[in-house]
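Participant: Got a predicted model here, sequence first, then my questions.
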Amino acid sequence: MDRFLFLTFGGLSTGAVYAAFALALVLIWRAARVVNFAQGAMAVATAYVGYAVASATGSYWVGLGAAVLAGLLLGALVERVLMRFVGHANPLNEVIVALGLVLLIQAVLGMVFGNGYRPAAAPFDTDALTLGGVAALSPYDLWVLGAVLVVVVLLALLFTRTPIGLRMRAAAFAPEVSRLLGVDVSRMLTLGWALAAAVGALAGMLVVPTGLGLHPHAMDLVFVVAFTAAVVGGLDSPAGAVVGGLLVGLILSYVTGYLGPDTTPLAVLVLLLAVLLVRPGGLFSSARARHV
Amino acid sequence: MTGVLEVEAVSAGYGPVPVLRDVTFAVPAGTIAAVLGANGAGKTTLLRTLSGLLRPAGGRVRFDGADLRGVRVERLVRRGLAHVPEGRGVVAELTVEENLRLGGLWRSDRADARRAQDEVYELFPALARRRRHAGHQLSGGERQMLALGRALIARPRLLLLDEPSLGLAPKVTAQIMALLRRLCDDRGLTVLLVEQNVRSALSVADQGVVMSLGRVVTAAPAARLRDDDQLRHAYLGF
Ligand SMILES: Nc1ncnc2c1ncn2[C@@H]1O[C@H](COP(=O)(O)OP(=O)(O)OP(=O)(O)O)[C@@H](O)[C@H]1O
Ligand SMILES: [Mg+2]
């Protein structure tokens, strides 16, 4: 029982990171109908920036801010100079360009920072506190959960309560009508990418200290898991991304805990296939028709 | 502040073959021009070209004397031009209220945008009852009301309407036509009205612009098109 609780807490904490990462994927999917396969590599790049700034200034928090800022800029840049010019005629186009971007980012990171593994310090203790004899969450887990919660709430407020959020939603759903109503759709698209990459940067900063460390391929598996989480929740649903992230985090924690870490990648694959076969739209897919 | 629209020798299309050829006509400020023609005549294409969604291959579009070529679509509403597109003008995922708010977001006069929104609810009580409903939950007629109401929130000087009566009950159509007439007479609104419902369009319009196969075949006072049997028969087929 203690072990089950321990795995549950651990699963929620890693699940929160997957949730944030899946949210970043969903944001771009909703804004541009693109699955950003470069999300992982972009997050690693911003985490390198974050840790470089953190070690230069001696403050993790300044580094975190720098990483998020770098995410905003990188996201905007990728959309402005790359994705904007990719034709939509074939859905594979964007995938291929994104995969090219992954190679590019990883090569640049290798050249600038080296391909070696760098340990990344956590801002809080990562040892679990014991509550009533049960090993529960660590202070770092609490920080992760809190940070993701704040981001989710802020995004929800942004999209439902602010004029810019209304513009972004309208631009994504009905670009032509939005333009006729004075919305700068192209700017909203850039903003969507920037926002998503910033969320990805935060997720990267949160996940790197949990034993991953910093190296150009640090996010490869995280990306696949987060993609699975996004598909589980439904690519169209921000709420689905959060639930999907937590759910996948829990499942993987149990699988790793009871069956051993070697089975984790297999479990991810099985989960992804199962969702695609049983409910391809995701758990939160809405059946309503767009073209009425 | 006038609102005169001048279309000069405009040609436009979707590929190498032009749909519109040498389209020329003018709509004086504060008047209604009805654009009539069979399916596929190019009416929708004309409106899309005027609002910049389609780049004209040639010719000129002037609004209040200023050339509209090169003005970005999203800037046009700030210049006083509103376009209610054919069929799917409502953002299905947003609520009625959000659709209306969207129409006034660009305005710096927040108070007046608010007022305009209340006016729309007054004008179409059906919308007021469905504020929180999503666009896809509305009936066809309610969608038309919403799309038109949303355009009015911009307080446009030139309104491009693509088949506003589609799916509306005759009573609501008559109400909308009367509203357009009132806005023209009271506020100097200029309207370009694409309609299949020829009778109701000609009953409210000052001018009829008849299109066929992408060309303007005649532009005449609405009263003449309505009352001159020969003219009506030749161009409108009834
Ligand atoms: N997106 C498009 N791509 C290619 N051709 C098009 C496109 N839209 C319209 N056309 C063609 O342009 C011509 C004019 O179409 P348009 O939609 O302007 O007609 P319309 O007068 O509005 O007809 P309706 O009364 O049926 O709405 C038609 O021959 C049509 O096939
Ligand atoms: Mg049409």
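Facilitator: Sure, I can see it. Ligands and ions are numbered 1, 2, ... in the order given.
Participant: use CA for all of it now, contacts and neighbours both
Facilitator: OK.
Participant: Give me the helices and strands touching the strand or helix carrying A:Arg169, please.
Facilitator: Following DSSP states H and E, one finds A:Arg169 within helix A:163-173. Counting contacts by 3 or more CA pairs under 8 Å, 6 or more residues apart in numbering or on different chains; DSSP states H and E, helix A:163-173 is packed against helix A:2-32, helix A:139-161, helix A:175-180, helix A:185-207, helix B:96-104.
Participant: In three-state terms, label the residue nearest in space to the middle of chain B for me.
Facilitator: For chain B, B:Leu161 is the residue whose C-alpha lies nearest the centre (CA atoms, centre = their mean; 1.7 Å). Here B:Leu161 is recorded as strand under DSSP: H, G, I helix; E, B strand; the rest coil.
Participant: Which positions are bridged to it in the beta structure?
Facilitator: Counting by DSSP bridges, B:Leu161 is bridged to B:Val84, B:Leu193.
Participant: residue contacts, it?
Facilitator: By CA atoms under 8 Å, 6 or more residues apart in numbering or on different chains, the contact set of B:Leu161 is B:His83, B:Val84, B:Pro85, B:Glu86, B:Val191, B:Leu192, B:Leu193, B:Val194.
Participant: By neighbours, which of these wins?
Facilitator: Neighbour counts for the contacts of B:Leu161, by other CA atoms under 10 Å in any protein chain shown, peak at B:Val191, which reaches 31 neighbours.
Participant: gap between the residue in the stretch 151-292 of chain A that ligand 1 sits nearest to and B:Val90?
Facilitator: Ligand 1 sits closest to A:Glu176 of the stretch 151-292 of chain A, with a gap of 13.0 Å, by CA to the nearest ligand atom. Computed as CA to CA, to the nearest Å, the A:Glu176 to B:Val90 distance reads 11 Å.
Participant: which parts of chain B sit against ligand 1?
Facilitator: B:Tyr14, B:Val19, B:Ala38, B:Asn39, B:Gly40, B:Ala41, B:Gly42, B:Lys43, B:Thr44, B:Thr45 (CA under 6 Å from any ligand atom).
Participant: Check the spacing between B:Ala33 and B:Ile176 real quick.
Facilitator: 15 Å.
Participant: With A:Val222 instead?
Facilitator: Noted for A:Val222: a distance of 56 Å to B:Ile176, by CA to CA.
Participant: Let me know how buried B:Asp112 is, in neighbour terms.
Facilitator: When neighbours are counted by other CA under 10 Å, B:Asp112 registers 15.
Participant: what residues does the helix or strand that contains A:Leu273 touch?
Facilitator: Assigned by DSSP H and E, A:Leu273 belongs to helix A:264-278. Residues outside helix A:264-278 that contact it (CA under 8 Å, 6+ apart) are A:Leu221, A:Val224, A:Val225, A:Thr228, A:Val231, A:Val232, A:Leu252, A:Val255, A:Thr256, A:Gly282.
Participant: mind listing what's buried in that helix?
Facilitator: Buried residues in helix A:264-278, counted by 16 or more other CA atoms under 10 Å in any protein chain shown: A:Thr264, A:Ala267, A:Val268, A:Leu271, A:Leu272, A:Val275.
Participant: Extract the C-alpha trace of it and format it as PDB.
Facilitator: Coordinates of each C-alpha in helix A:264-278 appear next as PDB, following Å, rounded to 0.1, in the frame of the first residue of the first chain:
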ATOM      1  CA  THR A 264       8.300   2.000 -19.700                       C
ATOM      2  CA  PRO A 265       8.900   2.800 -23.400                       C
ATOM      3  CA  LEU A 266       6.900  -0.300 -24.300                       C
ATOM      4  CA  ALA A 267       4.100   0.900 -22.100                       C
ATOM      5  CA  VAL A 268       4.100   4.300 -23.700                       C
ATOM      6  CA  LEU A 269       3.800   2.700 -27.100                       C
ATOM      7  CA  VAL A 270       1.000   0.300 -26.000                       C
ATOM      8  CA  LEU A 271      -0.900   3.200 -24.500                       C
ATOM      9  CA  LEU A 272      -0.600   5.300 -27.600                       C
ATOM     10  CA  LEU A 273      -1.700   2.500 -29.900                       C
ATOM     11  CA  ALA A 274      -4.600   1.600 -27.600                       C
ATOM     12  CA  VAL A 275      -6.000   5.200 -27.600                       C
ATOM     13  CA  LEU A 276      -5.500   5.500 -31.400                       C
ATOM     14  CA  LEU A 277      -7.400   2.300 -31.900                       C
ATOM     15  CA  VAL A 278     -10.200   2.700 -29.400                       C
END
